[in-house]
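J.: Here you go, sequence then predicted model.
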Amino acid sequence: MIQARNIVKRYGDIAVLRGIDIDIEAGAVTSIVGASGAGKTTLLQVLGTLTAPDSGTVIYDGEEVSAMSDARLSRFRNAHIGFVFQFHRLLPEFTLTENVAMPALIAGVSRREAFEHANALIHRLGLDSRAAHKPAELSGGECQRAAVARALINNPKVVLADEPSGSLDSHNKALLHRLFFELRDEMGSTFVIVTHDEHLAADCDHVITMADGIITGTSHKSAKHQPTFSV
């Protein structure tokens, strides 16, 4: 679904990505692992069109996004890519429902349709009783589940997650990890997850290992499996 070819990214004299080639399979959970400074987050930002590479191409389903204008790229990102970050980045002045619906409203979806879809996702993620609450009234785990719902609101081609469970306790971390695999199975969602969590990485369909701006290894499971999580 995503192809990146010969991706190079430098910051000053530092080469953060040095000729990366990567393929992301649709409907799979792929993890990107490696030591701090390996280039994982920068690669995720390039795949998500948040950062432009200095050279190389990024292609989604045959469409080269790295050649798009800024305005077209912004529309593409809103419609086709969902993001989940280590800290949820929910807007504090809005309710959970409003936060989840926000990308759909930005895309021009009617308020009624956006809120119907948001409430369906909120129900799926077990947050019905918290829908009218603002982020300050939610737990860390609830905020991260809300962030996942927000990432899914526009039915994106892929959800990119950067250390999504890094700020959670072990119980909520396990709940969030299980959710990724349930969404993979139920909705055919594609996830690319940068993580330091060895247990999450080991359970993923594909694992990409990075060091010093290059890919040093990949592993693939022959079929989508059902991880067992202790919660």
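T.: Received it, and whenever you're ready, just let me know what you need.

J.: Can you name every helix or strand that the helix or strand encompassing Thr57 contacts?
T.: Using DSSP states H and E, Thr57 maps to strand 55-60. Judged by 3 or more CB pairs under 8 Å, 6 or more residues apart in numbering; DSSP states H and E, strand 55-60 is in contact with strand 2-11. Yep, even glycine has a C-beta here, placed from its N, CA and C like the rest.

J.: Go through the helix or strand following the strand it packs on and flag the buried ones.
T.: As assigned by DSSP H and E, the chain's next helix or strand after strand 2-11 is strand 14-24. By neighbour count on 16 or more other CB atoms under 10 Å, the buried set for strand 14-24 is 15-17, 20, 22, 24.

J.: can those residues go into JSON lines with extra columns for pLDDT?
T.: Shown next, in JSON lines, are these (pLDDT from 0 to 100):
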{"residue": "Ala15", "pLDDT": "93"}
{"residue": "Val16", "pLDDT": "94"}
{"residue": "Leu17", "pLDDT": "95"}
{"residue": "Ile20", "pLDDT": "94"}
{"residue": "Ile22", "pLDDT": "92"}
{"residue": "Ile24", "pLDDT": "92"}
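
J.: just curious, which of these is nearest to His88?
T.: Nearest to His88 out of the buried residues of strand 14-24 is Ile24 (CB to CB; 23.7 Å).

J.: Quick check: closest non-adjacent residue to that closest one.
T.: Spatial nearest neighbour of Ile24, excluding adjacent residues (CB to CB, 6 or more residues apart in numbering): Ile2 at 3.9 Å.

J.: Pull the contacting residues for that neighbour.
T.: For Ile2, the contact set (CB atoms under 8 Å, 6 or more residues apart in numbering) comprises 22-24, 47, 58-60, 158, 192.

J.: and what of Asp61?
T.: By CB under 8 Å, 6+ apart, the contact list for Asp61 reads 1, 157.

J.: what's the pLDDT at it?
T.: On pLDDT, Asp61 comes in at 86.

J.: cool, Ala223 as well?
T.: Ala223 is assigned a pLDDT of 54 by the prediction.

J.: tally of neighbours for the closest residue to His220 other than its chain neighbours?
T.: Spatial nearest neighbour of His220, excluding adjacent residues (CB to CB, 6+ apart): His206 at 5.1 Å. Neighbours of His206 under the rule other CB atoms under 10 Å: 18.
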